[in-house]
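# Here is a sequence with its predicted model. Questions after.
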Amino acid sequence: MILSMSDQKNGKKVVVGMSGGVDSSVAAYLLKEQGYDVIGATMQIWQDEPDYDLDNEGGCCGLSAVEDARRVAQMLDIPYYVMNFKKEFKSNVIDYFINEYLNGRTPNPCIACNRYVKWEALLQRSLSIGADYIATGHYARIDQLKNGRYALRTSATAAKDQTYALYNLTQFQLEHTLMPVGEYTKEQIREIAAELNLNVANKPDSMEICFIPDNNYASFIRQNTGKEILPGNFVDRTGAVIGRHEGITNYTVGQRKGLNLSMGRPVFVTEIRPDTNEVVIGDDKDVLTDRLTGERINFMSEPDVDETKKYTAKIRYSHKAVPCYVKRTDKDKIECEFEEPVRAVTPGQAVVIYDGEYVAMGATICRAKKE
């Protein structure tokens, strides 16, 4: 039986970002059922269509996504548009991604895309045409708390929760966002799509970075900068040279495979030094730490850190949240101390801090600290 909501919204207008996948398609259906005036929109972000592999496997915002989203909009009988955000995507996602890797950090382009393209750009465009909200198919929920602040709440299904990648949204953006899919499991969403006979009901999720479908980051950076990424030295923590690497853009903290080092034991990347073009190698214990520093804080459920409170934190999307304490160390920096060591704290990635089910705050990881 099709699941639907009974809360009618008196024709409030919402622009649904439709990626051509099952989640955003069902999000559009659910909002229409709730009484919203729904408009579908796909964000065109590709820089030069012929140069990219716009696959038919569910790639985000490519040509196949447009056709799938258009068909869904027709079946739902809602208006549908393609909005051009190539410039915003280039400056806020691709350029950021390249610069982070060249500086020895490991970026998360989805977080940047969410904050600056899927929200900032899409929301402003939508408000300018008279919409009240934007909506997406993310597995997360939004609540307004007793303190008046808006906060992300983890989804009904922990297996698909996407709050980690959304921690950087602003209060204004959250106030004008709807996330209906957060109340469902993935299986329920596919069931709804199947009962509606949507062509995307069984479409697989897209897992790779949308603008690098072959996952060859180093090649992408070289092609888009014209820079030759030079090889350099693998060194141990004392600075002794133990081998040669193929260029720092090929490595990330915690990496074990693909090092091509014969050390007689498993070894890992523990640090990347762009200034000297060195990749530091260590043992398993060297990628464990109980604290980190983060910068560029975004507060969500709370306006500031409560240093007496025990939070939990994730240092990557798939990471299981670990109990921690947080303190403010500067105007825009925090230190997070974990109750148990965490593995491969990676500069450039995000640390997202939770207060129960809610995102309390998040920051970009600067470095791991060892006492």
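On my side now, so go ahead. Residues are numbered from 1 along each chain as shown.
# where does this structure have low pLDDT?
Residue ranges of the chain with pLDDT under 70: 1-10, 47-63, 207-208, 369-371.
# mind listing the helices for it?
22-33, 63-76, 86-89, 95-102, 109-113, 122-128, 171-175, 186-195, 217-225 (DSSP state H).
# Pick the most deeply packed of these.
For those, the largest average neighbour count (mean count of other Cβ atoms under 10 Å) is found in helix 22-33, namely a mean of 25. The C-beta positions use only the backbone N, C-alpha and C, and glycine is treated the same way.
# how far off helix 63-76 does that helix point, in degrees?
Per axes from the mean of the first three to the mean of the last three Cα atoms, to 10 degrees, the angle that helix 22-33 makes with helix 63-76 is 30 degrees.
# list the helices and strands helix 22-33 packs on?
Counting by 3 or more Cβ pairs under 8 Å, 6 or more residues apart in numbering; DSSP states H and E, the packing neighbours recorded for helix 22-33 are strand 13-17, strand 37-44, helix 63-76, strand 133-135, helix 186-195.
# Listing partners with orientation, what would you give for the fourth one?
So that's strand 133-135. Applying DSSP bridges, strand 133-135 is found paired with strand 13-17 (parallel), strand 177-178 (parallel).
# residues contacting residue 321?
312, 313, 314, 354 (Cβ atoms under 8 Å, 6 or more residues apart in numbering).
# what separates the last one from residue 169, distance-wise?
In this view, residue 354 and residue 169 are 15 Å apart by Cβ to Cβ, to the nearest Å.
# out of the strands paired with strand 133-135, deepest packed?
Mean neighbours per residue, mean count of other Cβ under 10 Å, is largest over the strands paired with strand 133-135 for strand 13-17, with a mean of 25.
# Looking at the strands paired with strand 133-135, spot the one closest to residue 38.
strand 13-17 (5.8 Å; Cβ to Cβ).
# okay, that closest one in PDB with CA atoms only?
Extracted C-alpha coordinates of strand 13-17, given in PDB (Å, rounded to 0.1, in the frame of the first residue of the first chain):
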ATOM      1  CA  LYS A  13       5.600  26.000  -3.100                       C
ATOM      2  CA  VAL A  14       8.600  23.600  -2.900                       C
ATOM      3  CA  VAL A  15      11.300  23.000  -5.500                       C
ATOM      4  CA  VAL A  16      12.500  19.400  -5.300                       C
ATOM      5  CA  GLY A  17      16.100  18.800  -6.400                       C
END
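# from now on call the first residue 357
Sure, I'll start counting at 357 from here, so that last one is strand 369-373.
# Between strand 393-400 and it, find me the angle.
Calculated by the same axes, to 10 degrees, strand 369-373 forms an angle of 30 degrees with strand 393-400.
# picking up where we left off before, mind putting the helices of the chain into JSON lines with distance to residue 655?
Putting the helices of the chain into JSON lines (distance: least, Cβ to Cβ, whole Å) gives the following:
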{"stretch": "helix 378-389", "distance to residue 655": "27"}
{"stretch": "helix 419-432", "distance to residue 655": "33"}
{"stretch": "helix 442-445", "distance to residue 655": "24"}
{"stretch": "helix 451-458", "distance to residue 655": "22"}
{"stretch": "helix 465-469", "distance to residue 655": "16"}
{"stretch": "helix 478-484", "distance to residue 655": "19"}
{"stretch": "helix 527-531", "distance to residue 655": "9"}
{"stretch": "helix 542-551", "distance to residue 655": "30"}
{"stretch": "helix 573-581", "distance to residue 655": "31"}
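# Out of those, which gets nearest to residue 503?
Checking the helices of the chain against residue 503 by Cβ to Cβ gives helix 527-531 as the closest, at 11.4 Å.
# who touches the closest residue to residue 658 other than its chain neighbours in this structure?
Spatial nearest neighbour of residue 658, chain neighbours left out: residue 716 (5.1 Å); criterion: Cβ to Cβ, 6 or more residues apart in numbering. By Cβ under 8 Å, 6+ apart, residue 716 lies in contact with 507, 655, 656, 657, 658, 667, 709, 710.
# buried subset of these?
Buried by 16 or more other Cβ atoms under 10 Å: 507, 655, 656, 657, 658, 667, 709, 710, out of these.
# with those residues in mind, which one is nearest to residue 433?
Nearest to residue 433 among these, counting by Cβ to Cβ, is residue 507 at 33.9 Å.
# Okay, and the beta partners of that closest one?
residue 499.
# I'd like the distance between the residue nearest to residue 658 and residue 654.
With Cβ to Cβ as the criterion, residue 716 and residue 654 are 10 Å apart.
# about what we covered before: need the strands paired with strand 489-491 in JSON lines with distance to residue 399, can you?
JSON lines is the format used below for these (distance: least, Cβ to Cβ, whole Å):
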{"stretch": "strand 369-373", "distance to residue 399": "6"}
{"stretch": "strand 533-534", "distance to residue 399": "15"}
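# quick one, which of those is nearest to residue 581?
strand 369-373 (29.4 Å).
# chain center to stretch 578-586, what's the gap?
Computed by Cα atoms, centre = their mean, to the nearest Å, the chain-centroid distance of stretch 578-586 equals 25 Å.
# With stretch 420-439 instead?
Relative to the mean C-alpha coordinate of its chain, stretch 420-439 is positioned 24 Å out (Cα atoms, centre = their mean).
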